[in-house]
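Asker: could you look at this predicted model? Sequence included:
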Amino acid sequence: MPLSKLQGATLPASADFHVHLRDGEMMELVTPTIRQGGVNTVYVMPNLVPPVTTVDRALEYKKRLLAIEPNVNFLMSLYLHESITPETIIEAKKRGVTGVKSYPAGVTTNSSAGVVDYVQFYPVFAEMERQGLILNLHGEVPSKGDVTVLSAEERFLPTLLDLHAKFPKLRIILEHCTTAAAVEAVKKCGPTVAGTITAHHLSIIIDSWAGDPHCFCKPVAKTPADRDALLRAAASGNSKFFFGSDSAPHPSISKRGGDKIAAGVFTQPYTTQLVIDAFEQACQNGVLKEEDITPEILEGFMSKYGRAFYGLESEQKEFITLEQKEEKIIDILKSDKVDVVPFRRNQQTWSVSWSA
C-alpha cells in the first residue's frame, strides 16, 4: 500500500500557518471545516475589505471566528499599511496579535492597499524585531515591464535577503514558496527566516491552472522542477519549511467567468489529507522515496516546525489518526447563500479522524 508507514498513524494535530477565512457568509461556511482537515491552529490572513489594520479590528475578527469554531486557536495578524506605526506594533504585542502580513500592492486578492516601498516601514520592522512579532511576506513583485506571474516571486527574493540583512533578529516568513529559487533563498538565510509551502503547490504545475480556474492562485504554480523542489523541501526534515495552506475560498461563480478569474485555491477541509496525497504522488513519480515519508517527517512539516517557529510548542494537546479509506473530496461546499469548490473535487483522498 502506498505510504504504508502513515496508514493508521496517530500524530499531533496539524497547524496551518496561512489561511484565508474571509468574512460574512463565506466565513460562516468555511470556518467550520478547519478541523475536518486535521487542523486545530490557524494563522489568519488580514486582507479583508477593508483590510485589518488595527488591533481592535483584529481582535473583533477573532471573536467572530471563535463564535463559529471555539475549538481552534486563531492566531491573528495585521495588514501592513501606511497607518501601521511602531506604536501599533507595541499595542499588538500587548494584546496578543501574532504578526504583520505584507502584500506588495496589487499582486493578489484584496492587495490594492499593499506595500509600494519597504523603506518607509523600517521603523515598524525595527519595533517588530524588538517585540518579537512575525513578518509574513507575500513574496512577489507586481507584474510590470518584463515581470510576469512566472517571474514575480524570483524577482522578489533580493528584497527578502535585504530585509533579513537589515533586521537579522526579525522573524520573517516567505509565504507560499513556489520556486526552487525561493527554497534556496530561505536556506541561505539565518534561523530567523522560514518558508511556508501549500498543499496545492506540492501537487500542481503551470499546466494545471492554465486549464482549470480552480487551480489558479497567486503566486501561480510554476514548473515541474519547481514543484519537485518544494516536495523535497517539505519532506526533508528541514525545520525552515512548514505548512501554510493559503486556502483561499471564492464563490464558484467568481472562479468560472466574468471580467477576471479570482485568484485562490480552496483546500481548507482537506489540508492534511492533500499533503499526504501529494507525497504519495511524488513517490509514484520517483521524486520522493516511500521509505522517506515517515510519521516523523509529516509531523515536522505539518505541526512541529511551524509551532516551534511561532513559539507554540506547549499548546499541542490533540491528536489525529490517518487512514486510507477511499474517501472522496466533495464536489462543492455550499450554504443557502454562498458556495465554493474544493481543490481536487471528486478525487480520492486520505481520511483524518480526531483521536480520543
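Answerer: Ah, there it is.
Asker: list of residues touching stretch 52-67?
Answerer: 21, 23, 27, 31, 44, 46, 48, 72, 74, 76-79, 81, 83-84, 88, 91-92, 95-97 (Cβ atoms under 8 Å, 6 or more residues apart in numbering). For glycine as for every other residue, the C-beta is placed from the backbone atoms N, C-alpha and C.
Asker: mean confidence score for that stretch?
Answerer: Regarding stretch 52-67, the rounded mean pLDDT is 98.
Asker: switch to numbering from 269
Answerer: Sounds good: first residue 269 from here, last item stretch 320-335.
Asker: buried residues, it. List them.
Answerer: By neighbour count on 16 or more other Cβ atoms under 10 Å, the buried set for stretch 320-335 is 320-323, 325-326, 329-330, 333.
Asker: biggest separation within the residues you listed, which pair?
Answerer: Across the buried residues of stretch 320-335, the longest distance by Cβ to Cβ is 17.7 Å; it joins 321 and 333.
Asker: which intervals of the stretch 369-518 of the chain have sub-threshold pLDDT?
Answerer: 374-384 (pLDDT under 70).
Asker: name the nearest of the buried residues of stretch 320-335 relative to residue 591.
Answerer: Nearest member of the buried residues of stretch 320-335 to residue 591, counting by Cβ to Cβ, is residue 333, at 28.9 Å.
Asker: which residues in the stretch 519-624 of the chain form helices?
Answerer: 520-524, 539-552, 563-567, 573-578 (DSSP state H, counting those that start in this stretch).
Asker: what packs against the last one?
Answerer: Counting by 3 or more Cβ pairs under 8 Å, 6 or more residues apart in numbering; DSSP states H and E, the packing neighbours recorded for helix 573-578 are strand 282-287, strand 461-465, strand 509-511.
Asker: what helices and strands are in contact with the shortest one?
Answerer: Spelled out, it's strand 509-511. Against strand 509-511 (3+ Cβ pairs under 8 Å, 6+ apart) you get strand 282-287, strand 461-465, helix 492-502, helix 573-578.
Asker: now render these as CSV, adding distance to residue 543 and mean neighbour count.
Answerer: Putting the helices and strands packed on strand 509-511 into CSV (distance: least, Cβ to Cβ, whole Å; neighbours: other Cβ atoms under 10 Å) gives the following:
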stretch, distance to residue 543, mean neighbour count
strand 282-287, 8, 28
strand 461-465, 9, 26
helix 492-502, 7, 21
helix 573-578, 13, 20
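Asker: and of these, who's closest to residue 597?
Answerer: strand 282-287 (16.9 Å).
Asker: can you list the neighbours in contact with the helix or strand that that closest one is followed by?
Answerer: As assigned by DSSP states H and E, the chain's next helix or strand after strand 282-287 is helix 292-298. Helix 292-298 is contacted from outside by 289-290, 332-333, 336, 515, 517, 519, 534, 536, 601-603, 605-608, using Cβ under 8 Å, 6+ apart.
Asker: quick one: distance of helix 292-298 to the chain centre.
Answerer: Remark: helix 292-298 is offset 18 Å from the chain centroid, using Cα atoms, centre = their mean, to the nearest Å.
Asker: CA-only coordinates of it in CSV, if you can.
Answerer: Extracted in CSV, the C-alpha atoms of helix 292-298 (Å, rounded to 0.1, in the frame of the first residue of the first chain):
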residue,chain,number,x,y,z
GLY,A,292,-19.6,37.3,6.4
GLU,A,293,-21.3,34.4,4.7
MET,A,294,-18.1,32.8,3.3
MET,A,295,-16.5,33.0,6.8
GLU,A,296,-19.5,31.2,8.3
LEU,A,297,-19.3,28.5,5.6
VAL,A,298,-15.6,27.7,5.6
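Asker: the helix or strand following it vs strand 461-465, what angle?
Answerer: Note on helix 292-298: by DSSP H and E, the next helix or strand toward the C-terminus is strand 307-312. Interaxial angle, strand 307-312 versus strand 461-465 (axes from the mean of the first three to the mean of the last three Cα atoms, to 10 degrees): 110 degrees.
Asker: just how off-centre is strand 307-312 within its chain?
Answerer: With Cα atoms, centre = their mean, you get 10 Å for strand 307-312.
Asker: stretch 509-526 now?
Answerer: Using Cα atoms, centre = their mean, the offset of stretch 509-526 from its chain centre is 11 Å.
Asker: give the buried residues for it.
Answerer: 509-520, 523.
Asker: can you list the low-confidence ranges for the stretch 519-624 of the chain?
Answerer: Those would be 525-527, 584, 624, if you go by pLDDT under 70 across the stretch 519-624 of the chain.
Asker: mind doing that once more with 90?
Answerer: Applying pLDDT under 90 to the stretch 519-624 of the chain flags the ranges 521-530, 581-585, 594, 623-624.
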